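In: Starting from these lines, generate the structure:
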Amino acid sequence: MASPSTPPPAGWTFLTNHTHVLVCLAQNEDITLREVAQQVGITERAVHAIVTALEEEGVLTRTREGQRNRYKLNRSYRLRHPLESHRKVGDLLDLIGKE
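Out: Numbering: from 1, shown residues only. Predicted coordinates for the structure are as follows:
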């Protein structure tokens, strides 16, 4: 994944924006959605929609602390597609690497 100062590559990627957002949140639970948007290379509005969808599905929880949000991932959440439903979010994050 691109570093905060490096724009993401042009064209398609193997992983979805949902996965990229999850990776950013796994790396830093205090990250702002603006920072996630910069790292993923999508709009802040798109990141907000993804985070809302993931929260509604139970993939993550968002708690307010002062003026910031903190994000906690549900690593035991099963992936949704039939081809990977035998795996969990934590498996995916472990494969990609959080560092």
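In: Okay, now the unreliable bits of this structure?
Out: 1-9, 98-99 (pLDDT under 70).
In: for it, what spans make up the helices?
Out: In the chain, helices defined by DSSP state H lie at 17-27, 33-40, 44-57, 89-96, listed in chain order.
In: How far off centre is the third one?
Out: Its chain's C-alpha centre lies 9 Å from the corresponding centre of helix 44-57 when counted by C-alpha atoms, centre = their mean, to the nearest Å.
In: Then the last one?
Out: For helix 89-96, the distance from its own C-alpha centre to the chain's C-alpha centre is 11 Å (C-alpha atoms, centre = their mean).
In: Enumerate the positions of that helix that are buried.
Out: 89, 92-93 (16 or more other C-beta atoms under 10 Å). Every residue, glycine included, has its C-beta placed from N, CA and C.
In: Of those residues, which is the nearest to Thr61?
Out: Within those, distances to Thr61 taken as C-beta to C-beta reach their minimum at Val89, with 12.7 Å.
In: Just confirm the closest one contacts Arg80, I think it does.
Out: No: if you go by C-beta atoms under 8 Å, Val89 and Arg80 don't touch, sitting 10.1 Å apart.
In: For Ala10, which of the helices of the chain is the nearest?
Out: For these, the distance to Ala10 is smallest for helix 33-40, at 13.9 Å, taking C-beta to C-beta.
In: elements contacting the closest one?
Out: Packed against helix 33-40, as judged by 3 or more C-beta pairs under 8 Å, 6 or more residues apart in numbering; DSSP states H and E, are the following elements: helix 17-27, helix 44-57.
In: tell me the most buried of those?
Out: Between these, the one whose residues have the most neighbours on average, counting mean count of other C-beta atoms under 10 Å, is helix 17-27 (a mean of 21).
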